[in-house]
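A.B. asks: Sequence and predicted model, in that order:
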Amino acid sequence: MSGHDFVVHAARLRRSTGTRWEVVRSGVIADLAVGDTAVPPEALATATVTLESVAGGVSVQGVVEAPWAGACRRCLRPTAGVVEVAVRELYTGGGDGEETYPLVDQDVDLEPLVRDAVLLELPVTSLCRPDCQGLCPTCGADLNEGACGCSPPPDPRWAALDVLRAEPGDAP
């Protein structure tokens, strides 16, 4: 068991089935990133959970929160938000990390739970605002600040009809 901010020593909790504890744990978890979105390196992830002693382990239920930052997928401006995830998991002595989390030496390590919850909820791509116009594909101007003056590229689906636009006297 690693000695960090997310470990809850639950030996007293487990003495009586049905016992509940309200717990808040916060800490920095490295490498929380999906696509272009990541939890900043020094940002705190927080687990606000209720631990309950159940037959064979500890039930954990509550909310996990973490701030995130990224770049808008259309205009590349910085974006940010907060992931807030409801969690409900079971820690058991035989926990494998797939079906249940491991309960080692009567300790509940919330870090894997927090990591999994945040990674599953981080947006892969983000928008600075829902109506973001993005960048001009021709000149790269930010279209949120106004039109760039470039003429739109011709639609290739109509290219075959361009011969009909020919001026009289033009060679075919």
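C.D. replies: Structure received.

A.B. asks: I'd like the distance between Ala66 and Val34.
C.D. replies: 12 Å (C-beta to C-beta, to the nearest Å). For the C-beta atoms, the positions are set from N, CA and C on the backbone; glycine is no exception.

A.B. asks: For the residue nearest the centre of the chain, give its distance to Ala80.
C.D. replies: Residue closest to the average C-alpha location in the chain (C-alpha atoms, centre = their mean): Leu122, at 0.7 Å. When C-beta to C-beta is applied, the distance between Leu122 and Ala80 equals 12 Å.

A.B. asks: picking up where we left off before, what about Ala66 and Val34, which has more around it?
C.D. replies: Taking other C-beta atoms under 10 Å, Ala66 and Val34 do not tie; Ala66 has more neighbours (26 against 17).

A.B. asks: My read is that that one contacts Arg115, right?
C.D. replies: No: the criterion here is C-beta atoms under 8 Å, and Ala66 misses it with Arg115 at 9.7 Å.

A.B. asks: Off-centre distance for the lowest-mean-pLDDT helix or strand in the chain?
C.D. replies: One helix or strand of the chain scores below all others by mean pLDDT, DSSP states H and E: strand 101-104, with a mean of 88. The gap between the average C-alpha position of strand 101-104 and the chain average comes to 25 Å, counting by C-alpha atoms, centre = their mean, to the nearest Å.
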